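Colleague: okay, sequence plus prediction incoming.
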Amino acid sequence: MKLSARNQILGFVKSVKLGNVMAEVIVDIGGNEVVAAITRDSAERLNLQQSKPVTVIIKSTEVMLATD
């Protein structure tokens with residue numbers, strides 16, 4: 001699938017917590033984690049399960065950076 005979004009990061013599903021309507025998906029990206037909140041229907045349709053490779057696509061109007 002080709003997509004115009006530039007912020008695409010490959011990772012692996014670490015966990016999926018299904019709720020009644022929404023699902024919380026934690027993706028491991030080289031030892032760091034990204035958490036996505038998606039619909040339960042989407043999680044089931046994508047057959048998300050632990051260790052499945054996924055692409056995290058970040059589309060945002062604002063990105064913040066911090067330093068110590």
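Modeller: Received, thanks.

Colleague: without its sequence neighbours, what residue ends up closest to residue 36?
Modeller: Nearest non-adjacent residue to residue 36, counting by Cβ to Cβ, 6 or more residues apart in numbering: residue 25, 4.6 Å away. Any C-beta I mention is one placed from the backbone N, CA and C, and that applies to glycine too.

Colleague: now that neighbour: which helix or strand?
Modeller: strand 22-29 (DSSP states H and E).

Colleague: buried set for the next helix or strand after that strand?
Modeller: Stepping forward along the backbone from strand 22-29, the first helix or strand reached (DSSP H and E) is strand 32-39. Neighbour-count burial for strand 32-39 flags residue 36 (criterion: 16 or more other Cβ atoms under 10 Å).

Colleague: pairing partners for strand 32-39, with directions?
Modeller: strand 22-29 (antiparallel) (DSSP bridges).

Colleague: list the contacts for the residue lying closest to residue 10 once chain neighbours are set aside?
Modeller: Spatial nearest neighbour of residue 10, chain neighbours left out: residue 55 (5.8 Å); criterion: Cβ to Cβ, 6+ apart. Listed by Cβ atoms under 8 Å, 6 or more residues apart in numbering, the contact partners of residue 55 are 8, 9, 10, 11.

Colleague: which element is residue 55 on?
Modeller: Per DSSP H and E: residue 55 is located in strand 53-57.

Colleague: then residue 43?
Modeller: With DSSP H and E as the criterion, residue 43 is inside helix 40-45.

Colleague: excluding its backbone neighbours, what's nearest residue 15?
Modeller: Residue nearest to residue 15 in three dimensions, not counting chain neighbours: residue 26, with 4.8 Å by Cβ to Cβ, 6+ apart.
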